[in-house]
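Undergrad: here are the coordinates; sequence isn't available:
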Ligand code: HEC
Ligand code: HEC
């Protein structure tokens, strides 16, 4: 059984309603009564995007991940630690969060299917395509000296709408089938995520944290464009925080500069000089964040790198709170002036050039 539907789930719901609902919402959409005042916002569980899981980027979290998040909270955010909850309270809340996430995912999948097939935009698309095809056929017919029958528009707007309505009627009857299929798929994903083979573990042990490793890490940090977001000095102020990100749905730039998460909210790259890691501060936690990225956020996965390279980056990143990588140069203030930014850029280009042949 994927979720235990008995008393445990009921108990989990009671704990959830008491401790979690006011932030994460009754349905787990992350929109509880206190949510709007928080940054970052409480997690919306419905898409199945969890930032701090030990599983792969396309997997749901496993129960151990959720247990850990609930007990430890997420440092640097409003997600509190619930260390005082009893063993069974945590375990049952974990089940309830899994249930909310699966159910929300099912609803979104169904709604997504329906709006893909039957939204006004998709109907209009079909009408426009039919019109375009017809126009092209008529042009060809004219160019060819109007030989044969004049092409007729068979797929008129009225016909397209009528056909879609008929399809919708058929489709509504099939909904129970879709529900079963989507539900099976979602349940299988959550079940598989429980298997050890889905947890991300490095194949190579951590490279000893030496000056040489950190310096290789620094180079990899620059070569892999971490600095575009996190900044040359790791302070979270790279050029991407001043550029206009595009809304992936409309393809229009967002009104304010900076990065956005998949929920359409502004998000800042972490200031790596502070040493506060939301997903845990063990080297393994950082390895996983870098290897798999952080789902739902712009932090990309770097699984294509060799383990040794990721460990070098981890060693470098973990040294940042203690060592200024640009020792001797003035620190960039929160609101860096254009000149300072330009100077930093130059400095960076030089650094990359100098180290490029190593
Ligand atoms: C005061 C508000 C608040 C309360 C209460 C709260 N949370 Fe959260 N929770 C958050 C915020 C904010 C985040 C997102 C942090 C982030 O994105 O870095 C979050 C994130 C999470 C995540 C996502 C972890 C991941 O890997 O992405 C889970 C799971 C979670 N909370 C479960 C719970 C549960 C279960 C409870 C109740 C026992 C609870 N939360 C209570 C604010 C809250
Ligand atoms: C496109 C922008 C972008 C790039 C490129 C990027 N990051 Fe990030 N990174 C982010 C954002 C945004 C966050 C914050 C995510 C959040 O808290 O929800 C983040 C968070 C992190 C964290 C914090 C993890 C934690 O548990 O709190 C670390 C460490 C990190 N990034 C390291 C790196 C490294 C190393 C690289 C390059 C190999 C890199 N990032 C590349 C945007 C980026």
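TA: Okay, I see it. All of these numbers come straight from a predicted model, not from anything done at the bench. Ligands and ions are numbered 1, 2, ... in the order given.

Undergrad: contacting residues around residue 124?
TA: With contact set as CB atoms under 8 Å, 6 or more residues apart in numbering, residue 124 has no partners. The way it works is simple: take the backbone N, C-alpha and C, and place the C-beta from them, glycine included.

Undergrad: need the phi and psi values for it.
TA: In terms of degrees, to the nearest 10, the main-chain angles of residue 124 are phi -60, psi -40.

Undergrad: okay, it and ligand 2: tell me how far apart.
TA: Distance, residue 124 to ligand 2, using CB to the nearest ligand atom, to the nearest Å: 34 Å.

Undergrad: which parts of the stretch 151-300 of the chain are helices?
TA: 157-193, 211-223, 226-230, 283-292 (DSSP state H, counting those that start in this stretch).

Undergrad: deepest-packed of the ones you listed, please.
TA: Comparing those by mean neighbour count (mean count of other CB atoms under 10 Å), helix 226-230 ranks first with a mean of 22.

Undergrad: contacts for it, please.
TA: So helix 226-230 is contacted by 221, 236, 238-241, 259, 269-272, 298-299, 313, 348 (CB under 8 Å, 6+ apart).

Undergrad: can you list the residues of the stretch 51-200 of the chain near ligand 1?
TA: 51-53, 61, 66, 69-70, 74, 77-80, 82, 93, 97 (CB under 6 Å from any ligand atom).

Undergrad: which among those residues count as buried?
TA: In these, burial by neighbour count holds for 51-53, 61, 66, 69-70, 74, 79, 82, 93, 97, counting by 16 or more other CB atoms under 10 Å.

Undergrad: low-confidence stretches in this structure?
TA: Within the chain, the stretches with pLDDT under 70 are 1-5, 324-358.

Undergrad: got the domain boundaries for it?
TA: Annotated domains of the chain cover 7-112, 115-198, 211-355 [automatic domain parsing].

Undergrad: could the ones you listed go into a markdown table alongside distance to residue 204?
TA: A markdown table is the format used below for these (distance: least, CB to CB, whole Å):
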| stretch | distance to residue 204 |
| --- | --- |
| domain 7-112 | 18 |
| domain 115-198 | 18 |
| domain 211-355 | 4 |
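
Undergrad: pick the most deeply packed of those.
TA: domain 7-112 (a mean of 18).

Undergrad: returning to that earlier point: identify whichever of the domains of the chain lies nearest to residue 205.
TA: Distance to residue 205, taken as CB to CB, is lowest for domain 211-355 among the domains of the chain, at 8.2 Å.

Undergrad: pick the one among the residues of the stretch 51-200 of the chain next to ligand 1 closest to ligand 2.
TA: Set against ligand 2, the nearest of these by CB to the nearest ligand atom is residue 51 (5.4 Å).

Undergrad: so the closest one touches residue 279, yeah?
TA: Yes. With contact defined as CB atoms under 8 Å, residue 51 reaches residue 279; the gap is 6.5 Å.

Undergrad: list residues touching both of the two?
TA: residue 294.

Undergrad: contacts only, for the residue positioned nearest the centre of the chain.
TA: Ranked by distance to the mean C-alpha position of the chain (CA atoms, centre = their mean), the top residue is residue 296 at 1.3 Å. Residue 296 makes contact with 47, 49-51, 261-263, according to CB under 8 Å, 6+ apart.

Undergrad: okay, and residue 74 sits in which element?
TA: Residue 74 belongs to no helix or strand when assigned by DSSP states H and E.

Undergrad: ok, and the closest non-adjacent residue to it?
TA: residue 278 (4.9 Å; CB to CB, 6 or more residues apart in numbering).

Undergrad: cool, residue 168 as well?
TA: Closest to residue 168 by CB to CB, 6+ apart is residue 118, at 5.5 Å.

Undergrad: from what I see, residue 70 and residue 91 are in contact.
TA: No. Assessed by CB under 8 Å, residue 70 is found out of contact with residue 91, at 9.6 Å.
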